[in-house]
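[1] need a 3D model of the following:
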Amino acid sequence: MKEEPGMNIMWKLQDIVPAKREQHFLPPVGRRLADQESAHRLNGFTLTSASTATISGTVYKDEDEDGIYDANVDIPIPWATVSALIGHEIVAMDCTDQKGEYALSVPAGAHYTLKVALPSGVACYDPESKRWDFWSTIEGGSLCALCPADNQDISVKYRMLNYGPRDFSWELWHKGPLFDTQNVVLIHGFRFPGATKKGRCDRQFGKLDDLLQTKDSLYNVWQFEYADSIRGTPDTLKIYAARLGQAVDRISELTGKNSASLIGYSMGGIIARQYIANGGKSRVNKLLTLATPHMGLLQVGPLSHRLTHLMLSLWPSKLDPRVAWELRPASKLLWDLNTKVESSTVPEFASIGGHSWGYTDGVIDMTSTKLARLHPDRSVAESVYFTVVNRSHININNIRSKYDEVFELIRNFLSGGVPGLSKMRKSKALEASDSHYLLTFALKKSPGWRRFTYPYVAVTNTGHRCRGFEVISEGARTDEGAYIFTVRLRPEDYGEALIYYAPNRYSTIQINRGESMIITEPLGDSNVPKGARMQEAPVNIELH
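    Here you go, the predicted structure:
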C-alpha cells in the first residue's frame with residue numbers, strides 16, 4: 001500500500017499517552033493511544049471551545065458492503081487511530097473505543113481528510129510493498145469531511161500480513177486486526193516443487209479466513225505456510241510439525257493466548273497430529289482434519305508409488321526420508337500415531353472425508369480418512385467423529401460462501417466442538433462396500449520367517465490371499481524392532497482373516513468390510529522353530 005502524506009507523522013504519534021481520555025488496557029498488538037490535547041500540543045494548536053466543533057462516527061468493517069454502518073452486521077474496529085488532516089498537517093487525533101467510536105475536536109467550518117490506522121505493533125511483511133515494517137492492519141479513510149459532522153462512519157478493509165520469521169523458513173499470515181477471541185490455525189497440504197511463492201499467501205482454504213472473521217463467527221484466523229517456495233514439501237513431517245510449534249508460539253506472543261484450534265487439510269492433518277504427539281497437546285483446543293489420510297496413502301494421487309520414486313529422484317538424497325514415504329501406511333511415523341491415538345489427538349477431534357468418485361475423493365480413499373480412539377489400555381473405544389461430504393480432494397477445502405456445507409461443519413465444530421458438530425450431522429458409520437481398504441500389522445522377526453514367503457494374509461470367506469509383493473513394507477520397524485506391513489484388501493473381503501508369519505503359524509483377526517485398521521501389537525513368536533508345523537491357537541487382536 002502506498003503511504004499517503006501525513007502517514008509518517010501518524011507513526012511518530014503512536015506513543016503519545018492521552019492526558020484527558022481514560023486509558024484503555026489493550027492487547028499486545030495494536031496498542032496505540034493518542035488524544036486531542038496531545039495532538040494539538042504537537043502541532044502548535046491552542047484551540048478554544050468557541051473555535052472548535054466535533055467530527056464523530058464509527059470505524060468499521062463493512063461486512064455487507066452497502067456503505068452504511070449497521071451494528072447488527074458490521075464489525076466495529078476498537079483501538080484504531082483516527083486523524084484529521086488539513087493538507088499534510090495533522091489537526092486532531094483520537095483512538096476509537098471498544099465500540100469503534102471516535103470523536104475529533106477540530107476548528108469549525110473547515111474541510112478535513114480523515115485517516116485511519118491500526119499499527120501491527122510488531123514488524124511484519126507486506127506482500128504489496130514487499131518489505132518488512134510496522135504496517136497498519138487496516139486501510140481506509142473518508143475524504144473531505146466538513147466540520148461539524150456526526151455519524152461520519154469510516155469503512156476500512158483488512159490487510160493480509162505475514163508475521164513469520166524474516167528468512168521465510170515458514171510464513172504465518174493473518175488478515176486484519178487481532179481481536180480478543182479464539183485463534184484458529186489453517187494448515188495446508190502437500191505441495192509440489194515450485195507450487196508456492198515466497199512472501200505470498202497461497203489462500204489454499206479459499207475464503208475460509210474471511211468467513212471466520214465476521215460478526216457471527218469472529219476468530220483470529222492464521223494461515224500457516226510451512227512449504228518451501230522452491231522445493232515444495234520434501235522434508236519430514238517432524239520438521240513441519242516443529243515449524244507448526246514455532247508458529248503456535250508466535251501466535252501466543254502476539255495475542256496473549258496460550259492455545260489455538262487447528263484445521264488441517266490433507267497432509268496438514270497429519271502434521272497437526274505429529275505436533276500434538278511431540279508435546280503440543282496442551283496448546284491445542286480443537287483439531288479438525290479435512291481429507292486427511294490418517295491410515296496412509298498406497299497408490300493414489302500425487303504420492304503414488306511410481307510417482308513418488310520419480311519425485312525422489314529429482315530431489316537431493318540428503319533430504320531422505322521424505323514426507324512421501326512417511327505418508328505410506330507401513331511407515332514408522334503412521335504406526336506410532338495410529339497405535340497411540342490418545343497421545344496424537346485431543347478430546348475435541350473430528351475428521352471429515354470426501355467422495356466424488358465412489359468411495360474416493362480422487363486422491364484418497366474414504367476408508368483412510370477415518371480414525372478411532374483408544375482407551376489407555378489400548379482397547380477400542382468409540383470412533384472419532386467422522387462424516388463425509390460430496391467433494392473432491394482439491395475442492396473440499398476450497399470454501400467460497402457461508403452456505404458452503406463444509407464451512408457450516410467447520411463453524412459448528414469451532415463453536416460447539418464435537419457435540420456442536422453432532423447436532424448438525426451425526427457421526428457416520430463407514431459402510432464402504434465398494435471400496436478397497438487397508439490392514440496394517442507388525443511381525444516379530446523369528447527363525448521361521450522367510451522373506452518373500454511370509455507373511456501373507458488369507459481371508460477365509462472369499463479365499464483371497466495377499467502374498468509376495470502384495471504385502472507391502474517400506475522396511476520400517478516399530479520401537480520393539482518388529483517389521484511393519486500393509487495389505488490392501490478387496491471390497492468383498494470381511495469376517496475372519498489369517499495372518500501367516502511362519503509355516504502353519506498364524507494369528508486370527510476380524511476385519512470389517514470397507515474399514516481400514518491397524519493391529520496395535522506386533523504378531524508372531526520369536527521362539528518358532530524353523531519348519532514348524534504346529535498351528536497357533538487364534539488370538540484376540542485389538543483393532544482400531
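[2] going forward, measure contacts between C-alpha atoms and count neighbours the same way
    Fine.
[3] what about Gly87, how many residues close to it?
    For Gly87, the count of nearby residues is 12 (other Cα atoms under 10 Å).
[4] so what's it up against?
    Thr113 (Cα atoms under 8 Å, 6 or more residues apart in numbering).
[5] what separation is there between it and Lys115?
    12 Å (Cα to Cα, to the nearest Å).
[6] just confirm Pro119 contacts Glu139, I think it does.
    No - checked against Cα atoms under 8 Å, the pair Pro119 and Glu139 is beyond contact range at 10.3 Å.
[7] compare the two (neighbour count), which wins?
    Pro119 (24 against 17).
[8] now do the phi/psi pair for the more buried one.
    phi -60, psi 150 (degrees, to the nearest 10).
[9] ok, it to Val82 distance?
    12 Å.
[10] likewise for Thr214?
    22 Å.
[11] please identify which helix or strand holds Ser261.
    strand 260-265 (DSSP states H and E).
[12] equivalent analysis for Leu334, please.
    helix 332-339.
[13] swap in Tyr500?
    Applying DSSP H and E, one finds Tyr500 within strand 495-502.
[14] buried sites along that strand?
    Using 16 or more other Cα atoms under 10 Å as the test for burial, strand 495-502 gives 497-502.
[15] and the residue nearest the centre of the chain, how far from Trp173?
    Nearest residue to the geometric centre of the chain (Cα atoms, centre = their mean): Leu186, 2.4 Å. Going from Leu186 to Trp173 by Cα to Cα gives 10 Å.
[16] shouldn't Gly417 be within a helix?
    Yes - under DSSP: H, G, I helix; E, B strand; the rest coil, Gly417 sits within a helix.
[17] coming back round to it: report the set of residues contacting both of Leu186 and Trp173.
    222-224.
[18] who does the helix holding Leu334 touch, helix- and strand-wise?
    helix 323-326 (3 or more Cα pairs under 8 Å, 6 or more residues apart in numbering; DSSP states H and E).
[19] what mean pLDDT does the helix it packs on get?
    Per-region confidence: helix 323-326 scores 80 on mean pLDDT.
[20] all helices for the protein, in order.
    Here the chain has its helices, by DSSP state H, at 7-12, 36-43, 208-211, 237-255, 267-275, 305-314, 323-326, 332-339, 405-424.
[21] just those: most buried one?
    The highest mean neighbour count among the helices of the chain, using mean count of other Cα atoms under 10 Å, belongs to helix 267-275: a mean of 27.
[22] what sits up against it?
    So helix 267-275 is in contact with 187-190, 237-238, 240-242, 244-245, 262-264, 281, 287-290, 292-294, 337, 344-345, going by Cα under 8 Å, 6+ apart.
[23] likewise stretch 59-76?
    With Cα under 8 Å, 6+ apart, stretch 59-76 has contacts from 58, 77-78, 80, 96, 99-102, 153-158, 214-215.
[24] skip the chain neighbours and tell me the closest residue to Arg203.
    Gln223 (7.8 Å; Cα to Cα, 6 or more residues apart in numbering).
[25] just the pLDDT for the one you found.
    Gln223 is given a pLDDT of 95.
[26] wait, it touches Lys175, no?
    No - Gln223 is not in contact with Lys175 according to Cα under 8 Å; the separation is 9.2 Å.
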